[in-house]
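**Q** build the 3D model from these lines:
(one chain, ligands or ions: 2)
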Amino acid sequence: MSELISAPRGVYDILPEESEQWQWLESKLKHVIQLATYREIRVPLFEHTELFKRGVGETTDIVNKEMYTFLDKSDRSLTLRPEGTAGVVRAYLSNSMHRQTPPVKLWYFGPMFRYERTQTGRQRQFHQIGIEALGSAGPAIDAEVIVVANDCLQACGITEYRLEVNSIGCTECRPRYKELLKKALEEKLPMLCNDCKDRFNRNPLRMLDCKVETCRPHFVNLPSTIAELCAPCTEHWQGLLDGLQRAGLSPIINDRLVRGLDYYGRTVFEFISTDKRLGSQSTICAGGRYDYLIDTLGGSPTPAVGWAAGLERIRLVSSAPSGAGPSVFVVSSDDKAALVTATNLRRQGISCDMDFAPAGKPRNLGKQIERANKAGARFAVIQGEDELASNSVTVKDMKSGEQTRIPAEELLSWFDGKVGAAVACTAAHD
Ligand SMILES: [Zn+2]
Ligand SMILES: [Zn+2]
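**A** Ligands and ions are numbered 1, 2, ... in the order given. Reported below is the predicted structural model:
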C-alpha cells in the first residue's frame, strides 16, 4: 500500500455533518443581507500581489508575514486573497461600477488565505462573508451596514456579543490626534514592545492595537479619538450613534478601537462574542469606513463602508443545526421498485433514501428498517412481497411505530402536510 497523503497544515475538510451547518448559516446570512438589497459579487481567489500591498497596506502583518504569494509560469507575482475588500474594490473599478447610482451595495462570501499560526477558529484557509457599500458618505449607510451585521448574527442564533464603535476622524483631524497620542506615549516608549517602538513614528494609531501584555498597562490616560474630532466628523459620529439607537442597537463606545491604516476614516466597529468557546479569538465581525481606499487603488475618491465576518468563528457560537435525516426511507424487497418510489417522492419535494445492498441483492426487510432508523428517517415506506403483489405500501411512522397500509397510488397524497416542515425548510434555503 502507498503512503497516505495528509492535508497541509491550516486547512481542513468540511465534512457532511458540518457542511449542513455551513449551508444553514450561509442561507441565514444571505437572506438578511439580500433583504437589505446588497447583491452578490464573486471575485477571483487570486489577484496581482500589488493589489493587496496597496489595498491591505504594506505595514500590516497580513502583507508582511501572512500572504500566500507565488510567481506563475510567466513570472508574475500573484497572491491568494487574504481578505475580501481589496478584490471587491478592484472589481468595482475594473467594471466601471462607479458609474452606477450610488451607493453600490455588494456582498461576497468565500475562502481567504493567510499563513498564520493555527489555533481555535483560525485556519490558513478560512471563510469570510462581507458587505461593502460604495459611494455614500453620510452616517445613515454606516448605521445600515452595522444593523445588517447585527441582524446577521441574530439570524444565526448568536446572542452573546457586544458591539463596540468608534470614530477615528478624517485627514483633517486625525493628524492632531496622532500628535497628542505620541506626546502621551513618548515617555513610556522605552517600556513598550518593539512593535510599538516601530509604530510610534510610522503609525502611532496602530500602537493601540498592541496585544502584548506588558504594553497594555501603559496605555492609560490616553487622549480620546472622539474628543479630537473636527466638526464634520463629530456630526457624522452623532448621526451614526443616533441611527444605531433608533434601530434598537446599544453600541459601546470604545475610543481605543482603531484601524491602523491610513485609508480608514471615521467609523470603525467590532462585534465581539462573549461566548467562552471562542477563547481569545472573540471578534466575530469587524468593519469600518474606508473613504481613502478607492483613491489608493487608482479610482477617484469614493466614500465606502463595510464589514467582514469569519464563518469559522460564527459557526462555533451559532445555533446551526446538524443535518436531519431523510423524510422517507424506502424499504423494499425489490430495489428497482424502491427506486421508482423514491424518485416519485423526490420529485414531489420529499427527501428520500433507500437501501443499496453491498452484495447487489436486497437485504431482508428487518435489516432495511434498521438502516432507516440509523439514517434518522421520519417515515419508512415498506413494499415487501405482499405489498408489491397487491399494489399497496405500508407507511411506518418511525417515531410512534404506527403502521398504515394504503394503495400505492395514494402514497404521494398521504404525505401532504406530514413532511411539510422538512420541505419548507429546504425551500427556505433558496
Ligand atoms: Zn475630521
Ligand atoms: Zn506593544
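
**Q** so what's Gly55 closest to, chain neighbours aside?
**A** Once flanking residues are discounted, Gly55 sits nearest to Ala86: 3.1 Å by Cβ to Cβ, 6 or more residues apart in numbering. Backbone N, C-alpha and C define where each C-beta goes, glycine included.

**Q** pLDDT weak spots in the stretch 1-150 of the chain?
**A** For the stretch 1-150 of the chain, the stretches flagged by pLDDT under 70 are 120-121.

**Q** quick one, helices of it?
**A** Along the stretch 1-150 of the chain, the segments classed as helices by DSSP state H, counting those that start in this stretch run 16-35, 49-56, 61-65, 85-94, 139-155.

**Q** which of those sits closest to ligand 2?
**A** Closest to ligand 2 of the helices of the stretch 1-150 of the chain, according to Cβ to the ion: helix 61-65, at 13.2 Å.

**Q** in the closest one, which residues are buried?
**A** 62-63 (16 or more other Cβ atoms under 10 Å).

**Q** alpha carbons only: can I get that helix in PDB?
**A** C-alpha atoms of helix 61-65 as PDB (Å, rounded to 0.1, in the frame of the first residue of the first chain):
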ATOM      1  CA  ASP A  61       1.200  41.800   9.400                       C
ATOM      2  CA  ILE A  62      -1.100  40.400   6.600                       C
ATOM      3  CA  VAL A  63       1.100  41.800   3.900                       C
ATOM      4  CA  ASN A  64       4.400  41.400   5.600                       C
ATOM      5  CA  LYS A  65       4.100  37.900   7.100                       C
END
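
**Q** what helices and strands are in contact with that helix?
**A** helix 49-56 (3 or more Cβ pairs under 8 Å, 6 or more residues apart in numbering; DSSP states H and E).

**Q** tell me the buried residues in the helix it packs on?
**A** Applying 16+ other Cβ under 10 Å to helix 49-56 flags 49, 51-56 as buried.

**Q** stretch 27-42 now?
**A** 28-30, 32-33, 36, 38, 41.

**Q** now the residues you listed in JSON lines, with distance to Pro303?
**A** Converted to JSON lines, the buried residues of stretch 27-42 look like this (distance: Cβ to Cβ, whole Å):
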{"residue": "Lys28", "distance to Pro303": "29"}
{"residue": "Leu29", "distance to Pro303": "25"}
{"residue": "Lys30", "distance to Pro303": "26"}
{"residue": "Val32", "distance to Pro303": "24"}
{"residue": "Ile33", "distance to Pro303": "20"}
{"residue": "Ala36", "distance to Pro303": "18"}
{"residue": "Tyr38", "distance to Pro303": "17"}
{"residue": "Ile41", "distance to Pro303": "19"}
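
**Q** tell me which of those is nearest to Ile314?
**A** Nearest to Ile314 out of the buried residues of stretch 27-42 is Leu29 (Cβ to Cβ; 8.2 Å).

**Q** my guess is the closest one contacts Cys152. True?
**A** Yes - using Cβ atoms under 8 Å, Leu29 is in contact with Cys152, at 5.1 Å.

**Q** any common contacting residues for these two?
**A** The contact sets of Leu29 and Cys152 overlap at 129, 309 (Cβ atoms under 8 Å, 6 or more residues apart in numbering).

**Q** which parts of the stretch 201-350 of the chain are strands?
**A** 252-253, 267-273, 283-289, 304-310, 328-332 (DSSP state E, counting those that start in this stretch).

**Q** partner strands of the shortest one and their direction?
**A** What it means is strand 252-253. Its sheet considered, strand 252-253 pairs with strand 161-167 (parallel) by DSSP bridges.

**Q** and the partner strand with ligand 1, contact?
**A** No - on the criterion Cβ under 5 Å from the ion, strand 161-167 is out of touch with ligand 1, staying 8.4 Å away.

**Q** if you count neighbours, what's buried in that strand?
**A** For strand 161-167, the neighbour count (16+ other Cβ under 10 Å) marks 161, 163-167 as buried.

**Q** equivalent analysis for stretch 118-138, please.
**A** Within stretch 118-138, the residues scored as buried using 16+ other Cβ under 10 Å are 121, 123-137.

**Q** how far does that stretch sit from its chain's centre?
**A** Chain-centre distance of stretch 118-138: 7 Å, with Cα atoms, centre = their mean, to the nearest Å.

**Q** go on, stretch 58-76?
**A** Remark: stretch 58-76 is offset 24 Å from the chain centroid, using Cα atoms, centre = their mean.

**Q** mind listing residues that contact that stretch?
**A** Residues from elsewhere that reach stretch 58-76, judged by Cβ under 8 Å, 6+ apart: 48-49, 52-53, 56-57, 77-80, 82-83, 113-116, 202-203, 206, 260-261.

**Q** now the terminal residues of that stretch, how far apart.
**A** From its first residue to its last, stretch 58-76 covers 19 Å (Cα to Cα, to the nearest Å).

**Q** list the buried ones in that stretch?
**A** Across stretch 58-76, burial judged by 16+ other Cβ under 10 Å covers 59-60, 62-63, 66-67, 69.

**Q** got a markdown table for those residues, with distance to ligand 2 too?
**A** Formatted as a markdown table, the buried residues of stretch 58-76 follow (distance: Cβ to the ion, whole Å):
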| residue | distance to ligand 2 |
| --- | --- |
| Thr59 | 15 |
| Thr60 | 16 |
| Ile62 | 18 |
| Val63 | 19 |
| Glu66 | 19 |
| Met67 | 23 |
| Thr69 | 27 |
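
**Q** let's see which of those end up in strands.
**A** Those of the buried residues of stretch 58-76 mapping onto strands are Thr69, per DSSP state E.

**Q** which pair of the buried residues of stretch 58-76 spans the longest distance?
**A** Distance extremes for these: the farthest pair is Thr59 and Thr69 at 16.6 Å, using Cβ to Cβ.

**Q** can you pull the contacts of the residue lying closest to Gly298 once chain neighbours are set aside?
**A** Of all residues not flanking Gly298 in the chain, Leu93 sits nearest, at 6.6 Å (Cβ to Cβ, 6+ apart). Contact partners of Leu93, counting by Cβ under 8 Å, 6+ apart, are 294, 297-299.

**Q** 7 Å - rerun?
**A** Going by Cβ atoms under 7 Å, 6 or more residues apart in numbering, Leu93 touches 297-299.

**Q** run through the residues of the chain sitting next to ligand 1.
**A** Applying Cβ under 5 Å from the ion, we find that the chain lies next to ligand 1 at 169-170, 172-173, 230, 233.

**Q** of those residues, buried ones?
**A** Burial by neighbour count, 16+ other Cβ under 10 Å: within the residues of the chain next to ligand 1 this picks out 169-170, 173, 233.
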